[in-house]
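Participant: heads up, no residue letters with this:
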């Protein structure tokens, strides 16, 4: 059973890395590197997971709210192909997404 869980975990990890790197290559965007002031087009899944740090959920009167979402996290979700979520509707669209120039930029 443990081997099956470990295999599934590694499959998810590798799939996330592949999807992220593929999408970065297709959109000509860059991901912040672990090295300060540098970018990369091939981030590790661990680094992608760390970029989601700070997101919390708040439950109030039977409703759940997601708090602490930053623009770079929304951009990463969009890059990974997530559907338009209530987070994006609450936060609003990112002005960088509709920039007139097609120059690559960092998530």
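Facilitator: Perfect, I can see it now. Since the model is a prediction, treat every value here as computed from it, not as a measurement.

Participant: what pLDDT does residue 83 get?
Facilitator: Looking at residue 83, its pLDDT is 56.

Participant: phi and psi next, for the residue nearest the centre of the chain.
Facilitator: In the chain, the centroid-proximal residue (C-alpha atoms, centre = their mean) is residue 76; its distance is 2.9 Å. Reported as degrees, to the nearest 10, the phi and psi values for residue 76 are phi -70, psi -40.

Participant: next one: it from residue 34, what distance?
Facilitator: Taking C-beta to C-beta, to the nearest Å as the measure, residue 76 falls 15 Å from residue 34. (Glycine included, C-beta is placed from N, CA and C.)

Participant: circling back to that earlier point, isn't the residue nearest to the centre of the chain right up against residue 49?
Facilitator: No. Using C-beta atoms under 8 Å as the test, residue 76 is too far from residue 49 to be in contact (10.6 Å).

Participant: state the next helix or strand along the chain beyond the helix or strand where residue 24 lies.
Facilitator: For residue 24, the host element (DSSP states H and E) is helix 2-27. Using DSSP H and E, the helix or strand that follows helix 2-27 in sequence is strand 31-32.

Participant: partner strands of that following strand, with direction?
Facilitator: Using DSSP bridges, strand 31-32 pairs in its sheet with strand 39-40 (antiparallel).
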